[in-house]
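**Q** Structure for this input, please:
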Amino acid sequence: MELIFYGFVFWLGGTLYQALELWWRKRTHVSMFLAGGTAAGLLEFFCNGVFFALPLFFKCLLGALIITLVEFSFGCVVNLGMGLKVWDYSGYPWQVLGQVCLFYSLLWGVVSLPALLLLDFLHRLVV
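**A** Predicted coordinates:
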């Protein structure tokens with residue numbers, strides 16, 4: 001049952017991540033589905049599992065870190081390794097290799113709040 005739940009979380013995270021991309025940037029890429037699904041699964045595992053007792057504020061900070069690390073990892077593979085240029089933050093201040101930047105890391109902390117609330121709801125519903 002847990003594997004099915006994580007599969008659903010992956011699908012939901014990927015779908016919502018792509019929807020957010022379409023709304024924000026007016027375009028997306030299949031790699032964003034994979035990144036969103038990965039991020040959602042990690043948020044569920046760490047924020048509703050390993051660190052479930054953390055206050056919501058700290059879970060949002062953890063969410064920002066998780067999503068930033070996922071974005072950096074996927075960016076290194078998709079953008080730098082495969083040369084697909086799905087996104088480029090090199091024009092932003094406080095960026096790393098053009099794959100992540102402080103502005104979007106902070107934004108991921110804000111986006112983590114509704115994501116964590118949704119995951120918490122689903123977790124309580126299923127588990």
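
**Q** those strands in the protein, which residues are they?
**A** With strands called from DSSP state E, the chain shows them at 95-96, 100-101.

**Q** Return the distance of the first one from the chain's centre.
**A** Spelled out, it's strand 95-96. Offset of strand 95-96 from its chain centre (CA atoms, centre = their mean, to the nearest Å): 17 Å.

**Q** The last one now?
**A** In terms of CA atoms, centre = their mean, the gap separating the centre of strand 100-101 from the centre of its chain is 13 Å.

**Q** And the helices in the protein?
**A** Taking DSSP state H as the test, the helices found in the chain are 2-25, 30-45, 56-75, 102-126.

**Q** what's the most buried one of these?
**A** Here the criterion is mean neighbour count by mean count of other CB atoms under 10 Å, and of the helices of the chain the winner is helix 30-45, at a mean of 21. (C-beta placed from N, C-alpha, C; glycine too.)

**Q** Measure how buried W94 is and give me the count.
**A** Neighbours of W94 under the rule other CB atoms under 10 Å: 11.
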